[in-house]
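[1] Sequence first, then the predicted structure:
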Amino acid sequence: MNIDHHLDAATIIAYTAGTLDEAFSFVAASHLSWCPTCRETARQAALIGGEFLGELEGTKISEGCRNQTLSMIDTATLHRFPNSPPARGEVPNPLARLLGGVALADLKWKRKAPGLALFDLPLSAASHGRLFLMRIAPGKAMPEHGHGGEEITLILSGAYNDKFGRFAKGDVADLDEDVEHQPIVEKDFACVCLVATEAPTRFKSWPARLIQPLIGI
Amino acid sequence: MPALASDMLNKEKSLDRQREDQIARRLILNIAKNLDKQAFSTLFDLQAPRLKSFMMRRGASPEQAEDLVQEAMISVWTKAGLYNPDKGSVLTWVFTIAKNLRIDRIRKEASMPLTELIDYDAPSDELGNDEMLMRRQESQQVARALTEIPSEQKQVLMLSFVEDMPQMEIARRLGLPLGTVKSRMRLAYIRLRKTLESPN
């Protein structure tokens, strides 16, 4: 896999600090599982957390807490290395776990508009975002749109082009909220993406804005 | 305090922490290999007090903080075999454990399926000897980078890593556009990376 488009360093920092919303964290973790470059960035960012922890003055721990912890390790079960799911490579591991091994083609996609299908993924109630898979037909152009919020898109298969270049498997579009773009899917294959958004996507043109409630993105 | 004296103090502090990290690494190794309880109690005394302060900075009461410290330190015991010295200091690892604990709690409270975001199955990338040596000295470089970046950049990192605030909340707290918060994070990271890549 040749990855040209990476996560924003600010996104990786929020991810490592643990402050990125669940939907965005999921897409970030998925990209990280495929991208050694961003893994190194995440490793470096985590060092900041260690450094801040080291800078803190300690607070006295009660005897009770100390004794209890030391006695609890006697019965604690040691962590075993998790059995990784078979790396079939169609989707990144976090997504493979969430889909429980079901192939992308076998999901119950919901058709939202001609050439556009979505599949919603579950999040905990604490999340303010939305996480879904999106499948766009070959050759299809998405209406030009801004996001009215943040959005991260990871390409799982196929490819699209927009003013930022070509996005293919493994690439991630980590866009600021004020960015507008118009992705056009390449003509040979459908493009399947994993998407996190925080707010409903707002299409720019009037007709597109009118159908937005209908297609639900 | 004159700049030079404070520089020296900072340097000394970070050298202390480097020594502490070497000790912590040996303790973790002993726990992983021999289930050495003595090593664990030493590690507990070394790190639990800081971890408690850390939890309290994030809004936990002293009692809640001790509960979290207990849970985090037990994870340190059960996961000692997963600690990879090439990835960073023991404190960095403990920070990640504490952070994941908090995320797990939020999701459990929401009674929704856990998605195990943490283990993105990072294969350990093979390192040469030089690189390994460089990484042992990283904590010192991170400390240096954090004193060199402008205070406005350090502030957003503190709010993020210590106060546990999402970017949007940081923007609100500081009265800044979200984009400014992000660009401060980016600039801070660029400086950190430069410092890590060019030691001394």
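    Received, thanks. Numbering: from 1, shown residues only, chains lettered A, B, ... in the order given.

[2] just the helices in chain A please.
    Taking DSSP state H as the criterion, chain A contains helices spanning A:9-17, A:22-34, A:36-55, A:63-72, A:93-99, A:206-215.

[3] after the worst-scoring helix or strand of chain B on mean pLDDT comes which helix or strand?
    For chain B, using mean pLDDT, DSSP states H and E, the weakest element among its helices and strands is helix B:129-136, scoring a mean of 65. On the C-terminal side of helix B:129-136, the closest following helix or strand by DSSP states H and E is helix B:138-148.

[4] for that next one, packing partners?
    helix A:36-55, helix B:3-34, helix B:178-197 (3 or more CB pairs under 8 Å, 6 or more residues apart in numbering or on different chains; DSSP states H and E). For glycine as for every other residue, the C-beta is placed from the backbone atoms N, C-alpha and C.

[5] any idea how far the residue of chain A most remote from its centre is from chain B?
    Distance from the C-alpha centroid of chain A peaks at residue A:63, with 42.7 Å (CA atoms, centre = their mean). Applying CB to the nearest CB, to the nearest Å, one obtains 11 Å for the distance of residue A:63 from chain B.

[6] Report how many residues lie close to residue A:37.
    A count of nearby residues for residue A:37, using other CB atoms under 10 Å in any protein chain shown, gives 11.

[7] Please report how far it lies from residue B:150.
    26 Å (CB to CB, to the nearest Å).

[8] likewise residue A:130?
    Shown here: residue A:130 relative to residue B:150, a distance of 35 Å by CB to CB.

[9] Pick out whichever of these two has more residues nearby.
    In terms of neighbours (other CB under 10 Å), residue A:130 is the more surrounded of residue A:130 and residue B:150; the figures are 20 against 11.

[10] which residue packs closest to that one, ignoring adjacent ones?
    Taking CB to CB, 6 or more residues apart in numbering or on different chains, and ignoring the residues beside it in sequence, residue A:130 has residue A:197 as its nearest neighbour in space, at 5.1 Å.

[11] Out of the helices and strands packed on helix B:138-148, which one sits most buried?
    For those, the stretch with the most neighbours on average is helix A:36-55, a mean of 22; neighbours defined as mean count of other CB atoms under 10 Å in any protein chain shown.

[12] does that one come close to chain B?
    Yes - in terms of CB under 8 Å from any CB of the partner chain, part of helix A:36-55 sits within range of chain B, namely A:36, A:39-41, A:43-54.

[13] That helix packs against which elements?
    Judged by 3+ CB pairs under 8 Å, 6+ apart, helix A:36-55 is in contact with helix A:9-17, helix A:22-34, helix B:37-57, helix B:90-109, helix B:138-148, helix B:151-161, helix B:178-197.

[14] and residue 124, what pLDDT?
    In the absence of a named chain, chain A is used. The model reports residue A:124 with a pLDDT of 82.

[15] The intended chain is chain B.
    At residue B:124 the predicted local confidence, pLDDT, stands at 49.

[16] do residue B:47 as well
    The predicted local confidence for residue B:47 comes out at a pLDDT of 94.

[17] who's in contact with it?
    For residue B:47, the contacting residues are B:24, B:73, B:76, B:90, B:91, B:94, by CB atoms under 8 Å, 6 or more residues apart in numbering or on different chains.

[18] Run a quick neighbour tally on residue 166.
    Answering for chain A, as no chain was given. Residue A:166 - counted by other CB under 10 Å - has 13 other residues nearby.

[19] looking at chain B here, not the other one
    For residue B:166, the neighbour count with other CB under 10 Å is 19.

[20] If you drop the residues flanking it in sequence, what lies closest to it?
    Distances taken as CB to CB, 6+ apart place residue A:19 nearest to residue B:166, at 4.6 Å, with adjacent residues excluded.

[21] neighbours around the one you found, how many?
    When neighbours are defined as other CB under 10 Å, residue A:19 has 22 of them.

[22] I figured it was touching residue B:160, is that so?
    Yes - Residue A:19 sits in contact with residue B:160 when judged by CB atoms under 8 Å, with a separation of 5.6 Å.

[23] which residues do these two both contact?
    Common neighbours of residue A:19 and residue B:160 are listed as residue B:167 (criterion: CB under 8 Å, 6+ apart).

[24] wait, what's in contact with residue A:163?
    With the criterion set at CB under 8 Å, 6+ apart, residue A:163 makes contact with A:181, A:182.

[25] again with the one 5 residues further on
    Contacts of residue A:168 were listed using CB under 8 Å, 6+ apart, and they are A:2, A:155, A:158, A:159.

[26] Can you list the low-confidence ranges for chain B?
    Low-confidence segments of chain B, defined by pLDDT under 70, are located at B:1-4, B:6, B:9, B:107-136, B:199-200.

[27] per the record, what domains does it have?
    By the assignment in automatic domain parsing, chain B contains the domains B:3-126, B:149-200.

[28] The first one: how far from the chain's middle?
    Think domain B:3-126. Taking CA atoms, centre = their mean, to the nearest Å, the mean C-alpha location of domain B:3-126 is offset from the chain mean by 7 Å.

[29] Could you do the last one as well?
    Counting by CA atoms, centre = their mean, domain B:149-200 is centred 15 Å from the centre of its parent chain.

[30] circling back: switch the contacts of residue A:168 over to JSON lines; also include pLDDT.
    Shown next, in JSON lines, are the contacts of residue A:168 (pLDDT from 0 to 100):
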{"residue": "A:2", "pLDDT": "90"}
{"residue": "A:155", "pLDDT": "97"}
{"residue": "A:158", "pLDDT": "96"}
{"residue": "A:159", "pLDDT": "96"}
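
[31] Can I have the buried ones of those residues as a PyMOL selection?
    Typed into PyMOL, the next command selects the buried ones out of the contacts of residue A:168 (criterion: 16 or more other CB atoms under 10 Å in any protein chain shown):
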select buried, chain A and resi 155+158+159
